[in-house]
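Visitor: Dropping a prediction and its sequence here:
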Amino acid sequence: MADGGQVGTVAKGAGIVLMTLAAGQFLMTLDTSVMNVSIATVAHDLGTTVTGIQTAITLYTLVMAMFMITGGKIGGLLGRRRAFAIGCVVYGCGSFTTSIAPNLGVLIFGWSFLEGIGAVLIMPAIVALVASNFEARQRPRAYGLVAAAGAMAVAVGPLVGGLVTTYFSWRWVFAGEVVIVAAILVLARRIADAPPTERQRLDLVGTVLSAAGLGMIVFGVLRSSTWGWLQVKPGAPSLFGVSATIWLILAGGVVLFCFLAWERRIVKHHREPLVVPGILENLQLRGGLVIFFFQFLLQAGLFFVVPLFLSVALGLSALATGARLLPLSITLLMAAAGIPRVWPRANPRRVVQVGLLALFGGIVSLLALLDLNAGAGITTVPMLLAGLGIGALASQLGAVTVSALPDERSPEVGGLQNTFTNLGASLGTALAGSVLVAALTASFLHGIAQNPAVPKSVVDQANVSLAAGAPFVSDAQLTTALDQAGVPAETSTAIVDENEKARIAALRSSLAILAIIAVVSLFFSRRIPTRQPGDDPAQAP
């Protein structure tokens with residue numbers, strides 16, 4: 001932690017420091033949620049395809065996952081505030097490049113690469129800077145608000161993206177980010193920082209091994225919906241009849257094993273490792289990282305399913321979809337800021353368990369309310385519950401992980417924390433997506449096979465053409481495609497009806513798997529401590 005003079009100085013401007021760090025976290029998350037609702041428009045403007053833009057999104061995720069541990073280490077070597085500032089400059093350059101991108105190549109360079117590299121410097125530094133600017137008792141609230149800013153960006157991103165893309169241009173979002181980055185850099189001068197560690201050489205072999213291992217795992221997960229998890233989809237790569245997805249994930253695991261072996265060798269020879277392997281033996285840190293993984297898996301899965309229901313199944317605009325997600329932001333902010341303020345000595349394990357139960361309640365309530373006649377109003381209570389759960393988790397987990405180790409290790413903790421959250425978010429989206437496609441395909445093909453209004457020839461053709469998975473499309477999109485294919489009106493109506501039923505069944509299947517994972521995550525909460533960081537055990541209630 002910073003020395004007493006630093007903390008005292010920061011206390012006077014704690015609000016500005018917290019706002020600056022929260023703004024950085026908000027910015028890191030806003031991009032993807034904005035891009036997700038603007039894919040079609042961006043593809044048209046750049047003269048590319050939706051697949052091209054999805055490739056850029058995948059590469060952005062890959063860059064962050066591959067280099068997050070290295071970014072945390074660089075923050076410890078250069079100084080956290082300096083790494084934060086350098087990351088902001090790189091990120092701002094990426095945002096500007098993206099805003100003027102004339103084609104997909106420039107977009108990938110600006111957004112996927114430059115912004116990704118900026119993010120790997122910024123995000124671990126934020127974790128470490130909260131530790132150096134706030135005393136142990138203040139950290140739960142500080143981490144809660146910073147994490148809430150990131151989660152709120154996911155919720156309001158579709159609203160912002162829909163509004164700006166509809167009435168102006170998606171480019172203005174990225175141009176606006178440049179202005180926000182400039183403001184953050186000005187305010188960052190108020191942030192206190194512990195001096196950097198004694199200058200050491202960066203562990204380049206460890207950097208390559210960690211990047212390769214994490215990159216293979218995340219890329220495999222991201223390609224699972226296209227390649228299949230175990231069973232190979234038509235046209236997908238395979239080895240010994242098994243999908244390349246599982247081989248990539250296994251290969252990544254082997255490389256990470258080699259990475260940890262290399263890091264132990266580095267420590268044995270008294271050199272500075274990228275990550276001290278021994279810190280992963282800390283049960284409190286491990287418990288916090290695992291719950292972070294589950295939180296972001298559930299959060300990403302939920303934010304995949306709900307917008308699909310609102311925008312595709314119900315046909316709401318991006319603006320209306322974003323508005324329906326706002327109840328989540330309300331309870332999220334209330335819980336993240338309110339729990340540490342009202343119950344500063346709350347049992348972290350209990351708060352985490354309540355948060356996971358609230359997330360479970362939000363998922364299950366949506367699952368129960370979702371049917372063919374459901375309207376947009378059914379999302380209100382589930383979103384309130386999910387926001388409460390995410391906010392409760394956000395109020396505790398950052399302080400839990402950082403307090404597990406001495407403050408000089410906080411940059412490494414930040415790198416690990418953001419690595420686990422990226423892994424969780426990648427797996428959450430991929431898992432929810434693959435379950436949805438599998439359930440949609442099975443339900444749709446079964447439905448049209450049982451419907452007497454659909455000729456057997458059409459059923460046979462659908463079985464062949466949808467072997468790789470049925471697309472999740474609206475009634476209007478499917479009707480247009482069937483009309484263009486010359487399908488008779490009676491048959492077309494029957495197919496659209498079956499697709500509507502299959503969509504709901506698919507969404508319910510994705511929610512069901514998320515609900516199961518939420519229950520499983522509760523068993524891992526036992527590693528979370530029962531006392532707040534800085535609490536005197538003798539004074540514990």
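Guide: Looks like it arrived, so ask away.

Visitor: Name the next helix or strand downstream of the helix or strand containing Asn418, please.
Guide: Per DSSP states H and E, Asn418 falls inside helix 410-450. The helix or strand immediately downstream of helix 410-450 is helix 456-465, counting by DSSP H and E.

Visitor: For stretch 323-343, buried residues please.
Guide: For stretch 323-343, the neighbour count (16 or more other C-beta atoms under 10 Å) marks 323-325, 327-333, 335-340 as buried. Heads up, the C-betas are built off the backbone N, CA and C, glycines and all.

Visitor: likewise stretch 256-276?
Guide: Going by neighbour count (16+ other C-beta under 10 Å), the buried part of stretch 256-276 is 256, 259-260, 262-263, 266, 272-276.

Visitor: can I get those in a markdown table with secondary structure?
Guide: Below are those laid out as a markdown table (DSSP: H, G, I helix; E, B strand; the rest coil):
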| residue | secondary structure |
| --- | --- |
| Leu256 | helix |
| Phe259 | helix |
| Leu260 | helix |
| Trp262 | helix |
| Glu263 | helix |
| Ile266 | helix |
| Glu272 | coil |
| Pro273 | coil |
| Leu274 | coil |
| Val275 | coil |
| Val276 | coil |
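
Visitor: Kindly indicate which of these lies nearest Phe444.
Guide: Nearest to Phe444 among these is Leu256, at 38.6 Å by C-beta to C-beta.

Visitor: my guess is the closest one meets Ala211, correct?
Guide: No. Using C-beta atoms under 8 Å, Leu256 is not in contact with Ala211; the gap is 10.5 Å.

Visitor: so where do the strands sit in this protein?
Guide: Applying DSSP state E to the chain gives strands spanning 238-239, 242-243.

Visitor: Let me know which of those strands is the nearest to Ile184.
Guide: Across the strands of the chain, Ile184 has its closest neighbour in strand 242-243 (42.4 Å, C-beta to C-beta).

Visitor: on contacts alone, who are the packing partners of that closest one?
Guide: Packing contacts for strand 242-243, counted by 3 or more C-beta pairs under 8 Å, 6 or more residues apart in numbering; DSSP states H and E, involve no helix or strand.

Visitor: Let me see the mean pLDDT of that strand.
Guide: When pLDDT is averaged along strand 242-243, the result is 86.

Visitor: that older thread, may I ask which two of the buried residues of stretch 256-276 are separated the most?
Guide: Using C-beta to C-beta, the two most remote members of the buried residues of stretch 256-276 are Leu256 and Glu272, lying 19.5 Å apart.

Visitor: ok, back up a step: the buried residues of stretch 256-276 into CSV, with extra columns for distance to Ala449 and pLDDT?
Guide: Formatted as CSV, these follow (distance: C-beta to C-beta, whole Å; pLDDT from 0 to 100):
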residue, distance to Ala449, pLDDT
Leu256, 44, 90
Phe259, 49, 89
Leu260, 50, 89
Trp262, 54, 89
Glu263, 55, 85
Ile266, 60, 87
Glu272, 63, 78
Pro273, 58, 81
Leu274, 54, 78
Val275, 53, 79
Val276, 58, 81
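
Visitor: re earlier: right, so the strands of the chain: which one is the most enclosed?
Guide: strand 242-243 (a mean of 18; mean count of other C-beta atoms under 10 Å).

Visitor: circling back: same question for the helix holding Asn418, mean pLDDT?
Guide: On average, helix 410-450 scores 83.

Visitor: ok and it relative to helix 456-465, angle-wise?
Guide: Interaxial angle, helix 410-450 versus helix 456-465 (axes from the mean of the first three to the mean of the last three C-alpha atoms, to 10 degrees): 160 degrees.

Visitor: what separates helix 410-450 from the chain centre, distance-wise?
Guide: Distance of helix 410-450 from its chain centroid, counting by C-alpha atoms, centre = their mean, to the nearest Å, is 11 Å.

Visitor: residue boundaries of the helices in the stretch 251-400 of the chain?
Guide: Here the stretch 251-400 of the chain has its helices, by DSSP state H, counting those that start in this stretch, at 283-308, 318-342, 348-369, 380-403.

Visitor: Phe96 is in contact with Val178, correct?
Guide: Yes. At 5.1 Å, Val178 counts as touching Phe96 under the criterion of C-beta under 8 Å.

Visitor: so who does the one residue sitting closest to the centre of the chain touch?
Guide: Residue closest to the average C-alpha location in the chain (C-alpha atoms, centre = their mean): Ala425, at 3.8 Å. Going by C-beta atoms under 8 Å, 6 or more residues apart in numbering, Ala425 touches 61, 296-297, 299-300.

Visitor: change it to 7 Å
Guide: Shown in contact with Ala425 (C-beta atoms under 7 Å, 6 or more residues apart in numbering): 296, 300.

Visitor: Run through the residues that contact Leu121.
Guide: Contacts of Leu121 by C-beta under 7 Å, 6+ apart are 71, 74-75, 83, 86-87, 90.

Visitor: for the closest residue to Trp172 other than its chain neighbours, what are its contacts?
Guide: For Trp172, ignoring the flanking residues on the chain, the nearest one in space by C-beta to C-beta, 6 or more residues apart in numbering is Val164 at 5.4 Å. Residues near Val164 by C-beta under 7 Å, 6+ apart: 170, 172-173.

Visitor: 8 Å - rerun?
Guide: For Val164, the contact set (C-beta under 8 Å, 6+ apart) comprises 34, 170, 172-173.

Visitor: Now for the residues you listed, which sits with the most neighbours around it?
Guide: Counting neighbours by other C-beta atoms under 10 Å, Val34 leads those with 25 neighbours.

Visitor: For Trp111, see how far away the closest residue to it other than its chain neighbours is.
Guide: Of all residues not flanking Val34 in the chain, Gly161 sits nearest, at 3.6 Å (C-beta to C-beta, 6+ apart). The gap separating Gly161 from Trp111 is 14 Å, by C-beta to C-beta, to the nearest Å.
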